[in-house]
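Trainee: Here is a sequence together with a model predicted from it:
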Amino acid sequence: MAGNTKALRVRIKSVTSTLQLTKAMGLVASSKIRKANDAMLKARQYIKAMEDSVALLTASSECLKSPYMQERDTKRTKIIVIAGDRGLAGGYNANVFRLCATLDAEFITIGKRACERFSKEINSSERYSFKEAATLADTLCTEFANGEFDRLGIIYTKYNSVMSQEATLKWILPLQRAEDAKDTGIIFEPDAITVLNMAVREYVSGILTALVRESFASEVSARRMAMDSAGKNAKQMIDDLHLEYNRARQGAITQEITEIVAGGNS
(Lines give C-alpha, C1' and ligand atoms only; values in the text may rest on other atoms or scores of the structure.)
Protein backbone atom coordinates (compact mmCIF):
# COMPACT_ATOMS: atom_id res chain seq x y z
CA MET A 1 0.00 0.00 0.00
CA ALA A 2 2.86 2.39 0.83
CA GLY A 3 4.37 1.69 -2.59
CA ASN A 4 1.05 2.58 -4.21
CA THR A 5 0.88 5.99 -2.49
CA LYS A 6 4.49 6.69 -3.45
CA ALA A 7 3.76 5.93 -7.11
CA LEU A 8 0.72 8.21 -6.98
CA ARG A 9 2.81 11.06 -5.52
CA VAL A 10 5.30 10.67 -8.37
CA ARG A 11 2.47 10.67 -10.91
CA ILE A 12 0.88 13.79 -9.40
CA LYS A 13 4.23 15.57 -9.53
CA SER A 14 4.72 14.56 -13.17
CA VAL A 15 1.26 15.71 -14.28
CA THR A 16 1.68 18.98 -12.33
CA SER A 17 4.90 19.65 -14.27
CA THR A 18 3.04 18.98 -17.52
CA LEU A 19 0.29 21.39 -16.44
CA GLN A 20 2.87 24.11 -15.82
CA LEU A 21 4.35 23.47 -19.27
CA THR A 22 0.97 23.70 -21.02
CA LYS A 23 0.22 26.94 -19.15
CA ALA A 24 3.54 28.43 -20.28
CA MET A 25 3.02 27.38 -23.90
CA GLY A 26 -0.54 28.70 -23.82
CA LEU A 27 0.68 32.08 -22.54
CA VAL A 28 3.33 32.27 -25.28
CA ALA A 29 0.71 31.46 -27.93
CA SER A 30 -1.66 34.06 -26.46
CA SER A 31 1.04 36.72 -26.59
CA LYS A 32 1.57 36.02 -30.30
CA ILE A 33 -2.08 35.85 -31.36
CA ARG A 34 -2.78 39.59 -31.53
CA LYS A 35 0.37 40.40 -33.49
CA ALA A 36 -0.21 37.45 -35.84
CA ASN A 37 -3.83 38.49 -36.45
CA ASP A 38 -2.83 42.09 -37.18
CA ALA A 39 -0.26 40.89 -39.72
CA MET A 40 -2.84 38.56 -41.29
CA LEU A 41 -5.47 41.29 -41.65
CA LYS A 42 -3.02 43.71 -43.24
CA ALA A 43 -1.87 41.01 -45.66
CA ARG A 44 -5.50 40.25 -46.55
CA GLN A 45 -6.11 43.90 -47.43
CA TYR A 46 -2.98 44.01 -49.58
CA ILE A 47 -3.81 40.83 -51.46
CA LYS A 48 -7.41 41.97 -52.04
CA ALA A 49 -6.05 45.05 -53.81
CA MET A 50 -3.67 42.87 -55.84
CA GLU A 51 -6.43 40.43 -56.82
CA ASP A 52 -8.69 43.29 -57.91
CA SER A 53 -5.90 44.69 -60.10
CA VAL A 54 -5.14 41.31 -61.67
CA ALA A 55 -8.87 40.73 -62.26
CA LEU A 56 -9.01 43.94 -64.31
CA LEU A 57 -6.04 42.78 -66.38
CA THR A 58 -7.25 39.22 -66.95
CA ALA A 59 -10.61 40.61 -68.11
CA SER A 60 -8.79 42.08 -71.12
CA SER A 61 -9.02 39.81 -74.16
CA GLU A 62 -5.46 40.82 -75.03
CA CYS A 63 -4.16 39.18 -71.83
CA LEU A 64 -5.48 35.78 -72.89
CA LYS A 65 -2.23 35.49 -74.89
CA SER A 66 -0.12 35.81 -71.75
CA PRO A 67 1.87 32.68 -70.82
CA TYR A 68 0.44 33.05 -67.32
CA MET A 69 -3.09 32.45 -68.61
CA GLN A 70 -2.41 29.43 -70.80
CA GLU A 71 -4.33 26.30 -69.77
CA ARG A 72 -2.23 23.14 -69.98
CA ASP A 73 -2.57 19.40 -69.40
CA THR A 74 -1.63 19.85 -65.69
CA LYS A 75 0.69 16.84 -65.80
CA ARG A 76 3.38 18.69 -63.85
CA THR A 77 2.13 20.36 -60.70
CA LYS A 78 4.07 22.29 -58.08
CA ILE A 79 2.57 23.06 -54.69
CA ILE A 80 3.97 25.29 -51.96
CA VAL A 81 3.24 23.68 -48.58
CA ILE A 82 3.01 25.98 -45.53
CA ALA A 83 3.25 24.20 -42.17
CA GLY A 84 4.44 25.15 -38.70
CA ASP A 85 7.88 25.29 -37.12
CA ARG A 86 6.74 23.32 -34.06
CA GLY A 87 4.15 20.78 -32.99
CA LEU A 88 1.71 20.76 -30.04
CA ALA A 89 -0.85 22.72 -32.07
CA GLY A 90 -3.67 20.22 -32.25
CA GLY A 91 -4.25 19.00 -35.79
CA TYR A 92 -2.63 22.02 -37.45
CA ASN A 93 0.30 20.25 -39.13
CA ALA A 94 -1.47 16.90 -39.49
CA ASN A 95 -4.34 18.48 -41.47
CA VAL A 96 -1.87 20.11 -43.88
CA PHE A 97 -0.04 16.84 -44.47
CA ARG A 98 -3.31 14.95 -44.86
CA LEU A 99 -4.25 17.30 -47.70
CA CYS A 100 -0.80 16.86 -49.26
CA ALA A 101 -1.30 13.09 -49.28
CA THR A 102 -4.25 13.46 -51.67
CA LEU A 103 -2.17 15.23 -54.33
CA ASP A 104 0.39 14.13 -56.91
CA ALA A 105 2.78 17.06 -57.06
CA GLU A 106 6.26 18.39 -56.39
CA PHE A 107 6.18 20.06 -52.99
CA ILE A 108 8.02 23.28 -52.11
CA THR A 109 8.17 23.71 -48.36
CA ILE A 110 7.80 26.60 -45.90
CA GLY A 111 7.99 25.83 -42.17
CA LYS A 112 10.30 23.44 -40.35
CA ARG A 113 7.76 20.65 -40.04
CA ALA A 114 7.05 20.72 -43.80
CA CYS A 115 10.78 20.81 -44.55
CA GLU A 116 11.41 17.79 -42.32
CA ARG A 117 8.77 15.83 -44.21
CA PHE A 118 9.36 16.83 -47.83
CA SER A 119 12.81 18.38 -48.26
CA LYS A 120 16.27 18.82 -46.77
CA GLU A 121 16.16 22.62 -46.76
CA ILE A 122 15.06 24.16 -43.45
CA ASN A 123 13.24 27.50 -43.20
CA SER A 124 10.83 29.14 -40.76
CA SER A 125 7.18 29.93 -41.43
CA GLU A 126 7.08 32.29 -38.45
CA ARG A 127 9.94 34.41 -39.78
CA TYR A 128 9.31 33.99 -43.51
CA SER A 129 9.98 37.36 -45.15
CA PHE A 130 8.56 39.13 -48.18
CA LYS A 131 12.06 39.05 -49.69
CA GLU A 132 12.08 35.24 -49.50
CA ALA A 133 8.59 35.14 -51.02
CA ALA A 134 9.66 37.47 -53.84
CA THR A 135 12.70 35.33 -54.65
CA LEU A 136 10.64 32.14 -54.76
CA ALA A 137 7.87 33.82 -56.78
CA ASP A 138 10.39 35.09 -59.35
CA THR A 139 11.82 31.60 -59.81
CA LEU A 140 8.43 29.91 -60.10
CA CYS A 141 6.99 32.50 -62.49
CA THR A 142 10.02 32.17 -64.77
CA GLU A 143 9.74 28.38 -64.77
CA PHE A 144 6.00 28.52 -65.43
CA ALA A 145 6.39 30.96 -68.32
CA ASN A 146 9.05 28.68 -69.79
CA GLY A 147 6.69 25.72 -69.62
CA GLU A 148 8.70 23.79 -67.01
CA PHE A 149 5.52 22.96 -65.09
CA ASP A 150 1.79 23.36 -65.69
CA ARG A 151 0.11 24.42 -62.48
CA LEU A 152 1.03 26.14 -59.19
CA GLY A 153 -0.89 25.94 -55.93
CA ILE A 154 -0.41 26.77 -52.26
CA ILE A 155 -1.53 24.63 -49.33
CA TYR A 156 -2.10 26.83 -46.30
CA THR A 157 -4.35 26.92 -43.25
CA LYS A 158 -7.33 29.24 -43.58
CA TYR A 159 -8.14 31.19 -40.43
CA ASN A 160 -11.87 31.15 -39.69
CA SER A 161 -11.72 31.98 -35.97
CA VAL A 162 -9.65 31.30 -32.87
CA MET A 163 -11.46 27.97 -32.59
CA SER A 164 -11.63 27.05 -36.29
CA GLN A 165 -8.85 26.68 -38.87
CA GLU A 166 -8.97 24.72 -42.13
CA ALA A 167 -6.23 23.27 -44.35
CA THR A 168 -6.91 24.68 -47.82
CA LEU A 169 -5.50 24.44 -51.35
CA LYS A 170 -5.45 27.65 -53.39
CA TRP A 171 -4.52 27.49 -57.08
CA ILE A 172 -2.36 30.40 -58.24
CA LEU A 173 -1.19 29.71 -61.80
CA PRO A 174 -2.36 29.75 -64.49
CA LEU A 175 -4.37 32.88 -63.86
CA GLN A 176 -8.11 32.44 -64.30
CA ARG A 177 -10.44 34.83 -66.09
CA ALA A 178 -13.72 35.22 -64.24
CA GLU A 179 -16.68 33.68 -66.10
CA ASP A 180 -18.60 36.96 -65.99
CA ALA A 181 -15.54 39.10 -66.78
CA LYS A 182 -16.01 41.86 -69.32
CA ASP A 183 -13.34 43.95 -70.99
CA THR A 184 -13.47 47.21 -69.04
CA GLY A 185 -11.92 49.29 -71.77
CA ILE A 186 -9.25 50.58 -69.36
CA ILE A 187 -6.12 51.63 -71.21
CA PHE A 188 -2.87 50.20 -69.80
CA GLU A 189 0.54 51.54 -70.72
CA PRO A 190 2.37 50.30 -72.66
CA ASP A 191 -0.34 47.61 -73.01
CA ALA A 192 -2.39 45.25 -70.85
CA ILE A 193 -0.39 42.07 -71.51
CA THR A 194 2.93 43.75 -70.66
CA VAL A 195 1.52 45.13 -67.41
CA LEU A 196 0.07 41.71 -66.50
CA ASN A 197 3.33 39.88 -67.19
CA MET A 198 5.18 42.36 -65.01
CA ALA A 199 2.57 42.26 -62.24
CA VAL A 200 2.39 38.46 -61.93
CA ARG A 201 5.56 38.17 -59.84
CA GLU A 202 4.33 40.79 -57.39
CA TYR A 203 0.96 39.08 -57.33
CA VAL A 204 2.38 35.61 -56.56
CA SER A 205 4.79 36.89 -53.91
CA GLY A 206 1.99 38.95 -52.32
CA ILE A 207 -0.37 35.99 -52.14
CA LEU A 208 2.38 33.75 -50.76
CA THR A 209 3.27 36.27 -48.04
CA ALA A 210 -0.38 36.72 -47.12
CA LEU A 211 -1.02 32.97 -46.86
CA VAL A 212 2.09 32.44 -44.73
CA ARG A 213 0.81 35.15 -42.36
CA GLU A 214 -2.66 33.57 -42.29
CA SER A 215 -1.20 30.12 -41.64
CA PHE A 216 0.88 31.42 -38.74
CA ALA A 217 -2.18 33.11 -37.21
CA SER A 218 -3.96 29.77 -37.52
CA GLU A 219 -1.02 27.94 -35.93
CA VAL A 220 -0.80 30.09 -32.79
CA SER A 221 -4.58 29.99 -32.36
CA ALA A 222 -4.59 26.19 -32.74
CA ARG A 223 -1.75 25.91 -30.23
CA ARG A 224 -3.59 28.14 -27.75
CA MET A 225 -6.70 25.96 -27.98
CA ALA A 226 -4.66 22.76 -27.75
CA MET A 227 -2.83 23.98 -24.65
CA ASP A 228 -6.11 25.10 -23.03
CA SER A 229 -7.56 21.64 -23.65
CA ALA A 230 -4.41 19.91 -22.39
CA GLY A 231 -4.44 22.11 -19.28
CA LYS A 232 -8.05 21.21 -18.48
CA ASN A 233 -7.29 17.52 -18.94
CA ALA A 234 -4.21 17.79 -16.71
CA LYS A 235 -6.22 19.51 -13.95
CA GLN A 236 -8.86 16.80 -14.12
CA MET A 237 -6.19 14.12 -13.98
CA ILE A 238 -4.55 15.76 -10.95
CA ASP A 239 -7.92 15.90 -9.15
CA ASP A 240 -8.52 12.22 -9.92
CA LEU A 241 -5.02 11.27 -8.76
CA HIS A 242 -5.41 13.25 -5.53
CA LEU A 243 -8.68 11.44 -4.86
CA GLU A 244 -7.04 8.09 -5.55
CA TYR A 245 -4.05 9.05 -3.38
CA ASN A 246 -6.28 10.04 -0.44
CA ARG A 247 -8.18 6.77 -0.70
CA ALA A 248 -4.94 4.78 -0.82
CA ARG A 249 -3.52 6.72 2.12
CA GLN A 250 -6.71 6.21 4.11
CA GLY A 251 -6.60 2.51 3.28
CA ALA A 252 -2.98 2.28 4.41
CA ILE A 253 -3.81 3.97 7.73
CA THR A 254 -6.78 1.67 8.27
CA GLN A 255 -4.62 -1.36 7.56
CA GLU A 256 -1.95 -0.19 10.01
CA ILE A 257 -4.56 0.34 12.76
CA THR A 258 -6.01 -3.10 12.07
CA GLU A 259 -2.56 -4.70 12.32
CA ILE A 260 -1.81 -2.87 15.59
CA VAL A 261 -5.14 -3.94 17.12
CA ALA A 262 -4.62 -7.51 15.95
CA GLY A 263 -1.12 -7.52 17.39
CA GLY A 264 -2.36 -6.25 20.77
CA ASN A 265 -4.96 -8.98 20.99
CA SER A 266 -2.53 -11.81 20.23
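Mentor: It's in. Given the structure is predicted, the values throughout are model-derived calculations rather than measurements.

Trainee: so how far is Val220 from Tyr46?
Mentor: For Tyr46, the distance to Val220 under the criterion C-beta to C-beta, to the nearest Å works out to 20 Å. Heads up, the C-betas are built off the backbone N, CA and C, glycines and all.

Trainee: try Phe144
Mentor: Counting by C-beta to C-beta, the separation of Phe144 from Val220 is 32 Å.

Trainee: what's the answer for Asp239, then?
Mentor: For Asp239 relative to Val220 (C-beta to C-beta), the value is 29 Å.

Trainee: Of these two, which one has the most company?
Mentor: More neighbours sit around Val220 than around the other of Asp239 and Val220, counting by other C-beta atoms under 10 Å; the figures are 24 against 10.

Trainee: Dead centre of this structure: give me the residue that sits there.
Mentor: Ser215 (4.2 Å; C-alpha atoms, centre = their mean).

Trainee: Surely it is in a helix?
Mentor: Yes. Read with DSSP: H, G, I helix; E, B strand; the rest coil, Ser215 is one of the residues of a helix.

Trainee: who's in contact with it?
Mentor: 82-84, 111, 125, 156-157 (C-beta atoms under 8 Å, 6 or more residues apart in numbering).

Trainee: any chance of those residues in TSV, plus pLDDT and secondary structure?
Mentor: Output for the contacts of Ser215, formatted as TSV (pLDDT from 0 to 100; DSSP: H, G, I helix; E, B strand; the rest coil):
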residue	pLDDT	secondary structure
Ile82	97	strand
Ala83	95	coil
Gly84	93	coil
Gly111	94	coil
Ser125	92	coil
Tyr156	97	strand
Thr157	96	strand
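
Trainee: Would you reformat these as CSV and include distance to Ile257 and neighbour count?
Mentor: Shown next, in CSV, are those (distance: C-beta to C-beta, whole Å; neighbours: other C-beta atoms under 10 Å):
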residue, distance to Ile257, neighbour count
Ile82, 64, 26
Ala83, 60, 29
Gly84, 56, 26
Gly111, 61, 26
Ser125, 62, 23
Tyr156, 65, 30
Thr157, 60, 28
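
Trainee: Could you provide those in a markdown table, with additional columns for distance to Val28?
Mentor: Output for the contacts of Ser215, formatted as a markdown table (distance: C-beta to C-beta, whole Å):
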| residue | distance to Val28 |
| --- | --- |
| Ile82 | 21 |
| Ala83 | 19 |
| Gly84 | 14 |
| Gly111 | 18 |
| Ser125 | 16 |
| Tyr156 | 22 |
| Thr157 | 19 |
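
Trainee: Lys170 belongs to a strand?
Mentor: Yes. The assignment for Lys170 (three-state DSSP) places it in a strand.

Trainee: Tell me the secondary structure of the nearest residue to it once chain neighbours are set aside, please.
Mentor: Spatial nearest neighbour of Lys170, excluding adjacent residues (C-beta to C-beta, 6 or more residues apart in numbering): Ile154 at 5.1 Å. Of the three states, Ile154 takes strand under three-state DSSP.

Trainee: Let me see the contact set for Ile154.
Mentor: Taking C-beta under 8 Å, 6+ apart, we find Ile154 in contact with 79-80, 82, 169-170, 172, 207-208, 211.

Trainee: Filter these down to the buried ones.
Mentor: Buried subset of the contacts of Ile154 (neighbour count, 16 or more other C-beta atoms under 10 Å): 79-80, 82, 172, 207-208, 211.

Trainee: Turn the residues you listed into a markdown table, columns for distance to Asp191 and secondary structure.
Mentor: Converted to a markdown table, the buried ones among the contacts of Ile154 look like this (distance: C-beta to C-beta, whole Å; DSSP: H, G, I helix; E, B strand; the rest coil):
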| residue | distance to Asp191 | secondary structure |
| --- | --- | --- |
| Ile79 | 32 | strand |
| Ile80 | 30 | strand |
| Ile82 | 35 | strand |
| Ile172 | 23 | strand |
| Ile207 | 24 | helix |
| Leu208 | 27 | helix |
| Leu211 | 30 | helix |
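
Trainee: Including distance to Glu132, could these go into CSV?
Mentor: What follows is the buried ones among the contacts of Ile154, written out as CSV (distance: C-beta to C-beta, whole Å):
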residue, distance to Glu132
Ile79, 17
Ile80, 12
Ile82, 12
Ile172, 16
Ile207, 14
Leu208, 9
Leu211, 13
